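K.L.:
A structural model of the following input is requested.
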Amino acid sequence: MEDMKKIVAGNITRVRTSLGLTQAQLGEKLNYSDKSVSKWERGESIPDVFVLKTIADLGNVTVDYLLHTHEGEDFLREEDPTGRRYSRRFITLTVLVGIWTLAVLVFVVLWICGIFFWLVFVYAVPVSLITLLVLNSVWGDRRWNLYIVSGIVWGVICSLYLTALKLNWWQLFLLGLPAQIIIIFAFSIRRRPSVKKAENN
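P.N.:
Numbering: from 1, shown residues only. Next up is the predicted model:
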């Protein structure tokens, strides 16, 4: 059993360092404290199966990989089943470029029809940020979500203001202040590991 703990400990460390994460950052992704991650990596305890599966998914390896020794081997993530590996940043960039390409297309079509609707580019900003928020929540660094959500709020306010520019609804920007404070407070809330988790790990 002690040998198994050491093997799992070493593999968790390999996965974490390959991802460029600190123990605290890995713990945050797993909803555990950095102390729990430290215990796992010292071989004092083994996380439950669900946590092992989550760690394996983060490292793009199998749970079986975490349970066996790999001394002398270079860390190698599993290839995509299709034999191709995609860059998440490239996918994100492609989606965002697609949104702006669509905005240009709509602008040009409306212009040809005699409608000069430049606000389509203004609307593309919050749409891009919402898309970025979704993609970043799935596979990015969630610490950036604070700035993305803030950008969405201010982008929507600016879009509404510019849409009704003749009415000069500058009061809309006053709504952004409490909204920004709420966003900051919401992202400042940290989920603490439960007592049961701390005791078991």
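K.L.:
Please name every helix or strand in contact with whichever helix in the chain runs longest.
P.N.:
Longest helix in the chain, counting residues (DSSP state H): helix 88-112. Counting contacts by 3 or more Cβ pairs under 8 Å, 6 or more residues apart in numbering; DSSP states H and E, helix 88-112 is packed against helix 119-139. Backbone N, C-alpha and C define where each C-beta goes, glycine included.
K.L.:
So for the residue sitting furthest away from the middle of the chain, what pLDDT did the model give?
P.N.:
Centroid-distance maximum for the chain: Gly114 at 41.6 Å, with Cα atoms, centre = their mean. Gly114 is assigned a pLDDT of 93 by the prediction.
K.L.:
Helix, strand or coil: sort out it for me.
P.N.:
coil (DSSP: H, G, I helix; E, B strand; the rest coil).
K.L.:
what do you get for Ser45?
P.N.:
coil.
K.L.:
doesn't Gly20 make contact with Gly59?
P.N.:
No. Under the criterion of Cβ atoms under 8 Å, Gly59 is not in contact with Gly20, lying 11.5 Å apart.
K.L.:
From Ile152, how far out is Gln25?
P.N.:
24 Å (Cβ to Cβ, to the nearest Å).
K.L.:
and the two? which has more neighbours close in?
P.N.:
Ile152 (19 against 16; other Cβ atoms under 10 Å).
K.L.:
what kind of secondary structure is that one in?
P.N.:
Under three-state DSSP, Ile152 comes out as helix.
K.L.:
How about the contacts made by it?
P.N.:
Residues near Ile152 by Cβ atoms under 8 Å, 6 or more residues apart in numbering: 126, 129-130, 133.
K.L.:
Show me this structure divided up by domain.
P.N.:
According to automatic domain parsing, the chain comprises the domains 2-81, 88-188.
K.L.:
Pick the most buried one from those domains.
P.N.:
domain 2-81 (a mean of 16; mean count of other Cβ atoms under 10 Å).
K.L.:
show me where pLDDT drops low in this protein?
P.N.:
Within the chain, the ranges that satisfy pLDDT under 70 run 1-2, 70-86, 140-141, 190-201.
K.L.:
Roughly how far does Asn60 sit from Arg88?
P.N.:
11 Å.
K.L.:
Correction: the previous question concerned Ser128.
P.N.:
Counting by Cβ to Cβ - Ser128 and Arg88 are separated by 17 Å.
K.L.:
picking that back up, run the chain-centre distance for the longest helix of the chain.
P.N.:
Distance of helix 88-112 from its chain centroid, counting by Cα atoms, centre = their mean, to the nearest Å, is 22 Å.
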